[in-house]
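In: Test case, fold it:
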Amino acid sequence: MRKTQMVTDRELEIMKILWARQKASVREVQDDLNRETGPVAYSTVQTLLNIMEEKKGLVRHVVEGRTFIYFPKKSSERTIRELTRRFVDRVFDGALDRVMVALLDSKPPTPEDLERLRAMIDEAQRQSIQNPNGHEELLIQAT
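Out: Predicted coordinates for the structure are as follows:
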């Protein structure tokens, strides 16, 4: 199985379009990008989608008539979780405390943010006690 590689800002914009639409042609992706971020060439979008399919394994396509229709291979939640895990491992050597310090330093949390974080940490702690092997995914809901 291919590891999910880090994505560029433009690739992430494309993924968000595909997640929202569920499927899209190159032209539809281009139109959405043009509306959201400014002009981008059709050939650029096509090249990015090819890279995202062949090298990064983020999307797949089917052919309808003469049109390539692209789909995200994984849900946004799963992709973001995988990208985050790789980022934490690469940048912070897997140290969650360093990640949290960097996040809190980058944007001061509101009291509501801190309350939600406390609740998430409490839930993670409960799940960790219930599943000490840690083989199952930790499911934390932000409310």
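In: which parts of stretch 16-29 are buried?
Out: 17-19, 24-26, 28-29 (16 or more other CB atoms under 10 Å). Yep, even glycine has a C-beta here, placed from its N, CA and C like the rest.
In: Keep only those of these that are in strands.
Out: Those of those mapping onto strands are 24-25, per DSSP state E.
In: Helices along this structure, start to end?
Out: Ranges of helices within the chain are 9-21, 26-37, 42-54, 76-92, 96-106, 111-130, based on DSSP state H.
In: Report the mean per-residue pLDDT for the shortest one.
Out: When pLDDT is averaged over helix 96-106, the result is 92.
In: For it, C-alpha coordinates in CSV please.
Out: What follows is helix 96-106, C-alpha atoms only, in CSV (Å, rounded to 0.1, in the frame of the first residue of the first chain):
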residue,chain,number,x,y,z
LEU,A,96,2.6,15.3,20.6
ASP,A,97,3.5,17.7,23.4
ARG,A,98,5.7,19.7,20.9
VAL,A,99,2.9,19.7,18.4
MET,A,100,0.5,21.2,21.0
VAL,A,101,3.0,23.8,22.1
ALA,A,102,3.6,24.8,18.4
LEU,A,103,-0.2,25.0,17.8
LEU,A,104,-0.9,27.0,20.9
ASP,A,105,1.9,29.4,20.1
SER,A,106,0.7,29.9,16.5
